[in-house]
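# Show me how the following folds:
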Amino acid sequence: MSEPLRFGVHTGPQNCTFDELRQIWARADEAGFWWASVWDHFYPAQNDPDGDCFEAVSTHAALAALTKNLRVGCLVYCAAYRNPALLAKVACTLDHISGGRAEMGIGAGWHDEEFGAYHIPFLSAGQRLKQMDEAAAIVKSLWTNDRTTFQGEHFGVTDARCNPKMVQERPRLWLGAMGEKAMSIVARHADGWNAAFLTPEAWGERNRLLTQRLEGLGRDPASVIRSVNVGLVLGADEAASNTKRDRMGEQFGSAAAFVLKASLAGMPGQVIDRIGEYREAGADLVVLALRPPFDLDGLETFIADVMPAFA
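Below you'll find the predicted structure:
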């Protein structure tokens with residue numbers, strides 16, 4: 001019998017107060033969600049760059065400290081924004097703060113405006129994937145080995161230590177990626193994989209590709225958790241659902257139409273069916289990508305009327 005489907009919340013920490021984030025984390029923590037995460041941006045994603053956006057590491061630490069049950073992650077830290085040895089240290093510290101619940105994700109990054117404003121070189125897509133590849137290798141080695149020496153094209157460490165080690169015996173490294181070349185990197189390093197805002201059909205295609213890459217390396221495909229980030233446009237009735245569709249521009253800015261295509265949209269029965277399609281495609285974890293103004297009513301409807309169908 002397969003494992004029950006797990007659920008998470010991904011709280012975009014933009015244009016909101018810290019108390020609003022804390023409210024969602026507390027509700028998810030008590031309602032049986034498995035996962036909560038933040039992102040790594042300096043500016044609001046796809047929204048007005050003059051808006052507010054909390055920093056990722058400190059927000060991730062707060063998430064770890066303020067919850068008791070959730071796996072606490074970041075989807076995902078941009079490999080180019082920090083030295084990967086520093087990220088390895090961050091993860092170990094977060095694991096101690098959370099009592100062994102920390103999850104670390106790494107991605108190649110895409111927000112060119114942030115890169116330019118902070119004078120971080122925005123390399124070609126291929127080179128940014130290379131940064132992700134090297135960062136993943138360094139982080140995993142520092143977690144498990146007494147000392148690490150690694151010299152790549154972009155990152156290196158020499159006889160580097162990372163103590164204390166994680167509390168958990170088998171820490172997971174997550175990679176966020178979708179392209180064909182990226183799937184090879186995921187297959188080499190990842191313990192968890194996430195792709196955001198893909199339809200069940202598109203997500204399933206990438207998932208099958210990842211399985212092929214894992215089998216080609218001799219890795220057990222079941223060793224990698226498969227997850228998807230989706231929007232939530234859930235109403236108790238059709239009128240409420242339509243009203244929430246109209247608000248997506250405020251939440252997701254220029255990406256609203258794209259996100260809607262891969263959202264859990266409609267009434268509870270429709271959302272249950274849509275989740276079933278992701279499950280059929282191979283998803284182990286479905287993460288609700290929540291952005292302000294946060295739809296707390298929709299979250300409560302999800303908890304009461306959707307989650308029990310997958311218990």
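
# Whatever helix or strand residue 92 lives in: how far from the chain's middle?
Element membership for residue 92 (DSSP states H and E) is helix 84-98. Distance of helix 84-98 from the chain centroid (Cα atoms, centre = their mean, to the nearest Å) equals 16 Å.

# what do you get for stretch 258-265?
Taking mean C-alpha positions (Cα atoms, centre = their mean), stretch 258-265 and its chain are 17 Å apart.

# repeat for stretch 215-228
Centre-to-centre, stretch 215-228 and its host chain are 17 Å apart (Cα atoms, centre = their mean).

# how much space is there between the residue most central in space within the chain and residue 23?
Most central in the chain under Cα atoms, centre = their mean is residue 75, positioned 2.7 Å from the mean C-alpha point. Here the criterion is Cβ to Cβ, to the nearest Å. By it, residue 75 lies 20 Å from residue 23. Using the backbone N, CA and C atoms, a C-beta is placed for each residue, glycine as well.

# So the residue nearest to the centre of the chain is in contact with residue 194, correct?
Yes. Taking contacts as Cβ atoms under 8 Å, residue 75 lies within contact range of residue 194: 5.4 Å.

# shared neighbours of the two, anything?
In terms of Cβ atoms under 8 Å, 6 or more residues apart in numbering, residue 75 and residue 194 are both contacted by the residues 105, 174, 176, 229, 287.

# Among these, which are located in helices?
In helices, judged by DSSP state H, none of those are found.

# longest helix anywhere in this protein?
Under DSSP H, the chain gives helix 125-144 as its longest helix.

# so after that helix, what's the next helix or strand?
By DSSP H and E, the next helix or strand past helix 125-144 is strand 148-151.

# elements contacting that following strand?
helix 125-144, strand 156-160 (3 or more Cβ pairs under 8 Å, 6 or more residues apart in numbering; DSSP states H and E).

# winner for burial among those?
helix 125-144 (a mean of 21; mean count of other Cβ atoms under 10 Å).

# CA atoms only: put the helix or strand harbouring residue 115 into PDB for me.
Taking DSSP H and E as the criterion, residue 115 maps to helix 112-117. Extracted in PDB, the C-alpha atoms of helix 112-117 (Å, rounded to 0.1, in the frame of the first residue of the first chain):
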ATOM      1  CA  ASP A 112      17.600  38.600 -13.100                       C
ATOM      2  CA  GLU A 113      16.500  42.000 -11.600                       C
ATOM      3  CA  GLU A 114      17.500  40.800  -8.200                       C
ATOM      4  CA  PHE A 115      20.900  39.600  -9.500                       C
ATOM      5  CA  GLY A 116      21.600  42.900 -11.200                       C
ATOM      6  CA  ALA A 117      20.500  45.100  -8.300                       C
END
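
# How far does it sit from its chain's centre?
For helix 112-117, the distance to the chain centre is 21 Å (Cα atoms, centre = their mean).

# if you go through this structure in chain order, where are the strands?
6-11, 35-38, 71-74, 77-78, 104-107, 148-151, 156-160, 173-176, 192-196, 225-230, 232-234, 264-266, 285-290 (DSSP state E).

# which of the residues in the third one are buried?
Looking back up the chat, that one is strand 71-74. 71, 72, 73, 74 (16 or more other Cβ atoms under 10 Å).

# want to throw those residues into a markdown table with pLDDT and distance to residue 41?
As requested, those are exported to a markdown table (pLDDT from 0 to 100; distance: Cβ to Cβ, whole Å):
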| residue | pLDDT | distance to residue 41 |
| --- | --- | --- |
| 71 | 98 | 21 |
| 72 | 98 | 18 |
| 73 | 98 | 15 |
| 74 | 97 | 11 |
